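Any chance you could fold what I've pasted below:
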Amino acid sequence: MRLLCVLLFPIFVFAASGPSLKIGLLKYGGGGDWYSNPTSLVNLAGFCNKFLNTNIDPEYAVVDVGSVELFNYPLVHMTGHGNVVFSDTDAENLRSYLLAGGFLHIDDNYGMDPYVRLAMKKVFPELSFIELPFNHPLYNQKYKFDNGLPKIHKHDDKPPQGFGLMWEGRLICFYSYECDLGDGWEDPEVHKDPEEVRIKALRMGANIIQYVFGN
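Presented below is the predicted three-dimensional model:
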């Protein structure tokens with residue numbers, strides 16, 4: 001686990017008894033369905049615990065973007081299909097969380113792209129999303145993705161892209177676009193994806209977990 005996360009989130013220490021890590025699901029305003037893909041983080045935790053030997057609690061926590069509880073989770077996942085609105089307080093809280101060592105993964109579940117870009121601009125007006133090169137460590141953890149993000153769902157049939165916000169050389173936010181990792185993490189019967197597609201999605205998710213907690 002990266003040093004900043006240890007300092008910021010002291011409750012997340014590897015322990016012999018009980019899960020030592022917990023992922024947060026970001027709850028935001030604006031009417032977007034932040035609660036999409038209810039089984040995705042559960043399955044991702046199980047996959048990582050099995051193949052990365054992590055100790056992640058499969059019961060993720062729902063955390064409001066403007067809440068002090070945000071600081072309890074080194075990794076927060078955000079998804080949805082529609083509108084995203086951050087109040088001034090929300091934006092300030094999320095900025096403080098990310099600058100203090102937290103990490104945000106945004107997964108466009110189709111349709112949130114124009115809204116989330118505006119919302120994140122409110123959080124970091126001085127930053128813009130940049131596309132990560134395929135040799136970035138995020139794509140080269142336990143699993144190698146030589147061509148970047150895998151394509152999980154068709155959406156607009158565009159190539160998947162992975163964008164990041166960088167602060168003083170540190171990746172603080174990863175945004176997976178035209179990919180839909182979360183759908184690939186869900187229970188097999190939800191989207192009926194071929195098993196090889198689900199495995200690609202879970203492996204990419206495991207890379208995100210390993211990057212955040214292993215660096």
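
okay, Q210: pLDDT?
Note on Q210: pLDDT of 97.

should've said L7
Reading off the model, L7 has pLDDT 37.

ok, now how distant is Q161 from H105?
14 Å (Cβ to Cβ, to the nearest Å). Using the backbone N, CA and C atoms, a C-beta is placed for each residue, glycine as well.

more neighbours, the two?
Higher neighbour count among Q161 and H105: H105, with 22 against 16, using other Cβ atoms under 10 Å.

Show me the contact partners of the host helix or strand of that one.
If you go by DSSP states H and E, H105 is part of strand 103-108. When contacts are defined by Cβ atoms under 8 Å, 6 or more residues apart in numbering, strand 103-108 is touched by residues 5, 26, 74-79, 94, 98, 116, 120, 171-182, 208, 212.

what's the weakest-modelled helix or strand in this structure?
helix 3-8 (a mean of 39; mean pLDDT, DSSP states H and E).

Enumerate the positions of stretch 90-101 that are buried.
Buried residues in stretch 90-101, counted by 16 or more other Cβ atoms under 10 Å: 90-91, 93-95, 97-98, 101.

Among those residues, which ones are in helices?
By the criterion of DSSP state H, membership of the buried residues of stretch 90-101 in helices covers 90-91, 93-95, 97-98.

Turn these into a markdown table, columns for distance to M112 and pLDDT.
Shown next, in a markdown table, are those (distance: Cβ to Cβ, whole Å; pLDDT from 0 to 100):
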| residue | distance to M112 | pLDDT |
| --- | --- | --- |
| D90 | 16 | 98 |
| A91 | 17 | 98 |
| N93 | 20 | 98 |
| L94 | 16 | 98 |
| R95 | 20 | 98 |
| Y97 | 20 | 98 |
| L98 | 19 | 98 |
